[in-house]
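Peer 1: Let me see the structure of the following:
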Amino acid sequence: AGYYTLYAMPDDLLALQEAGIDVLTPPDRGLTGGQLGAPAALIGRREEVAALHSLLGRLRAGRPGLLMLLGAAGVGKTRLLNELIDQSTESRLRITAVGCRSLGDLQPLRVLAGAIYADMRRDLTVGNPLRAVERKALSDFVAGPGSAAPAHPGSALTQQQLVALLARLLRPADPRSGRLVVFDDAHLLSPVAIDTMRQVIAMIGDAPVGFLLAGRPVGALPQAVADPAATHTVTELDTDGVHDWLAAVWGRDPTGTEVAEVIGRTRGLPLRLCEIGVAASTPDDRSTGRPARPPDWLRPWLAAAAITSSGRDIDTDTVAQILGIDRQGTDHHAASAAAAHLIEAHSGVRFRHDTFRDDILDDLQTDPALARDLHRRAFDVLTARRQPLGRGDPALLVRIAQHASHAGPDLPPETVSAAYLDAARVEQGSFGFHAAAAWAERGLRLPCHPATRFGLLLILGDARHSAGDLPAAELAYRRGFEAASG
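Peer 2: Okay, here's the model as predicted:
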């Protein structure tokens, strides 16, 4: 692989780790989605499984493939993805699974690029596949801008470079092997990310690269795949499916009355069926398939966990800092939440399903004062961890801006607008031009220091220029010049 390649490999992986990319976990590890109370074997889903097999067949035959699974929360999409990943590991396919998050326009693609490059750099049998200019583009994309200076305008070429970089990373070096990219919670893909992926797929051409998107039928996702034959809707289990599920969990055949009663309580939604299994293994259980409401004293801990979690994963140290509790208190709260079947704590601490986190966030909206207080505390805790722009995880600055937004009047307007400016700079430096413009415009609506206003206008001009709206860019630059001139 060459002395320089081996020498530089640890530095490359360390830089990715500092940028928030998990370089220790293999990219083909299954997605977090196993549910307590679910049967070991997949129940039903014949059409969906056939579609997954067809996608694998195309990749094994050296052809590209595309499949989208749409369905409501808790219907079992992640379980299907893990089923596919388990089957794929038996072949020569290289798999990269990405859980989408609302942390920037191109966050899922940033994680994808970092994960694939980390996988390449861990392989000591090959050299660095990227040229120096490509490594620089990857560093800018994954780690964000390298200084506080805004990105240079005129990024149409830069956008093309990003598409070319992603296509180069995704195209298998060995034509006899394929690559499968899995996006879970794909409804969180922004329109910009979807458009970028379309361009990447077109540039990859006939290479054996497959894409599997799974998410709720909301936002831009339903229109992401043009071919209706490549889209499958995952629905609740029918009567036969519920019968087979209960038989597997209870260890006996349920009666028709029992099946009908369970369907009435759960509508055949696998997530709710799991809760039936957790509550009891007998038909006498009267569970509705939903966890019981937690006690009031536990609400702040759950709310702090929900607003700071990365997907389902809970950062208990951050939650403890927000609430000012010690390790013993953290363990007590986590144990109580686990006893209420809201989280699992046997291998890391995480919400048992996205819908449980969503329910907690919905409940938090009924208490605006608590919500503002928790977001302000989260802002303070995360701000203390921030590093100079260009170092550390750029998504942290987006998270800080999100908390500043929700904290509202509990933070000074200048503090909020400065946080928006940092988030706008991160987005602009990572090709998220529309998100950069949105953050800048939000900051400009607030009273702020002239230097902050100048920075927001400059970023707004860069973002508009990058998106091809030259008149709007010129207007923003002119306003910035006027702000700088006093």
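Peer 1: which ones are touching Ala418?
Peer 2: Gly443, Cys448, His449, Thr452 (CB atoms under 8 Å, 6 or more residues apart in numbering). Placement of C-beta: from N, CA and C, glycine included.
Peer 1: Assumed it was part of a strand.
Peer 2: No: counting by DSSP: H, G, I helix; E, B strand; the rest coil, one finds Ala418 to be helix, located in no strand.
Peer 1: Pull up the gap between Ala473 and Leu421, please.
Peer 2: Look at Ala473 and Leu421: by CB to CB, to the nearest Å, they are 17 Å apart.
Peer 1: Looking at those two, which one has more neighbours?
Peer 2: Leu421 (27 against 21; other CB atoms under 10 Å).
Peer 1: and Pro409, what does it touch?
Peer 2: Counting by CB under 8 Å, 6+ apart, Pro409 touches Arg372.
Peer 1: backbone phi and psi for it, please?
Peer 2: phi -70, psi 0 (degrees, to the nearest 10).
Peer 1: Model confidence at it, what's the number?
Peer 2: For Pro409, the pLDDT comes out at 91.
Peer 1: start at 476 instead
Peer 2: All set: I'll call the first residue 476, so the last point we hit is now Pro884.
Peer 1: which residues touch Pro843?
Peer 2: No residues are in contact with Pro843 under the rule CB under 8 Å, 6+ apart.
Peer 1: ok, 10 Å please
Peer 2: His881, Gly883 (CB atoms under 10 Å, 6 or more residues apart in numbering).
Peer 1: Give me the distance between it and Gly883.
Peer 2: Pro843 is 8 Å from Gly883, by CB to CB.
Peer 1: what number of residues lie near Arg533?
Peer 2: 17.
Peer 1: Can you tell me the SS state at it?
Peer 2: Assignment for Arg533 (three-state DSSP): helix.
Peer 1: Roughly how far does it sit from Gly540?
Peer 2: 4 Å.
Peer 1: do the same with Glu522
Peer 2: Distance from Glu522 to Gly540, by CB to CB: 17 Å.
Peer 1: if you count what's nearby, which of the two comes out ahead?
Peer 2: Between Glu522 and Gly540, counted using other CB under 10 Å, Gly540 has the larger neighbour count: 20 against 11.
Peer 1: For Ser652, which phi and psi angles does the backbone take?
Peer 2: Dihedral angles (degrees, to the nearest 10) for Ser652: phi -120, psi 150.
Peer 1: ok, and the closest non-adjacent residue to it?
Peer 2: Arg567 (4.1 Å; CB to CB, 6 or more residues apart in numbering).
Peer 1: buried residues in stretch 733-744?
Peer 2: Glu733, Val734, Val737, Ile738, Arg740, Thr741, Gly743, Leu744 (16 or more other CB atoms under 10 Å).
Peer 1: helices or strands next to the helix or strand containing Val737 in the packing?
Peer 2: Taking DSSP states H and E as the criterion, Val737 maps to helix 731-741. With contacts taken as 3 or more CB pairs under 10 Å, 6 or more residues apart in numbering; DSSP states H and E, helix 731-741 sits against helix 714-725, helix 745-754.
Peer 1: Would you map the helices across the stretch 776-925 of the chain?
Peer 2: Ranges of helices within the stretch 776-925 of the chain are 791-798, 802-814, 829-839, 843-858, 870-882, 888-904, 908-919, 925-941, based on DSSP state H, counting those that start in this stretch.
Peer 1: Just tell me which of those ends up closest to Leu664.
Peer 2: helix 908-919 (12.7 Å; CB to CB).
Peer 1: Could you pull up the mean pLDDT of that closest one?
Peer 2: So the average pLDDT for helix 908-919 ends up being 94.
Peer 1: In that helix, which residues are buried?
Peer 2: Under 16+ other CB under 10 Å, the buried positions of helix 908-919 are Phe908, Ala910, Ala911, Ala912, Ala913, Trp914, Ala915, Glu916, Arg917, Gly918, Leu919.
Peer 1: nearest to Ala722, of the residues you listed?
Peer 2: For those, the nearest to Ala722 is Ala910 (48.3 Å; CB to CB).
Peer 1: just so I have it, where are all the helices in the stretch 626-775 of the chain?
Peer 2: 631-645, 666-679, 714-725, 731-741, 745-754, 774-783.
Peer 1: distance between the third one and the chain's centre?
Peer 2: Going back to what we said before, that points to helix 714-725. Chain-centre distance of helix 714-725: 32 Å, with CA atoms, centre = their mean, to the nearest Å.
Peer 1: For that helix, list every residue counted as buried.
Peer 2: Gly716, Val717, His718, Asp719, Trp720, Leu721, Val724, Trp725.
Peer 1: where are the low-confidence patches of this protein?
Peer 2: 476-495, 498-511, 564-566, 598-603, 619-633, 648, 650, 752-767, 863-867 (pLDDT under 70).
Peer 1: re earlier: between the buried residues of stretch 733-744, which sits nearest Ala677?
Peer 2: Leu744 (37.0 Å).
Peer 1: quick one on the thing from earlier: for the helices of the stretch 776-925 of the chain, which one sits closest to Pro514?
Peer 2: helix 829-839 (19.7 Å).
Peer 1: and that closest one, what other elements does it pack with?
Peer 2: Using 3+ CB pairs under 10 Å, 6+ apart: helix 829-839 touches helix 745-754, helix 774-783, strand 825-826, helix 843-858.
Peer 1: ok, Asp649 - how many residues close by?
Peer 2: 10.
Peer 1: doesn't Arg567 make contact with it?
Peer 2: Yes: the pair Asp649 and Arg567 passes the contact test of CB atoms under 10 Å, sitting 8.0 Å apart.
Peer 1: got TSV for the buried residues of helix 908-919, with distance to Pro769 too?
Peer 2: As requested, these are exported to TSV (distance: CB to CB, whole Å):
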residue	distance to Pro769
Phe908	41
Ala910	34
Ala911	38
Ala912	40
Ala913	34
Trp914	34
Ala915	39
Glu916	38
Arg917	33
Gly918	36
Leu919	40
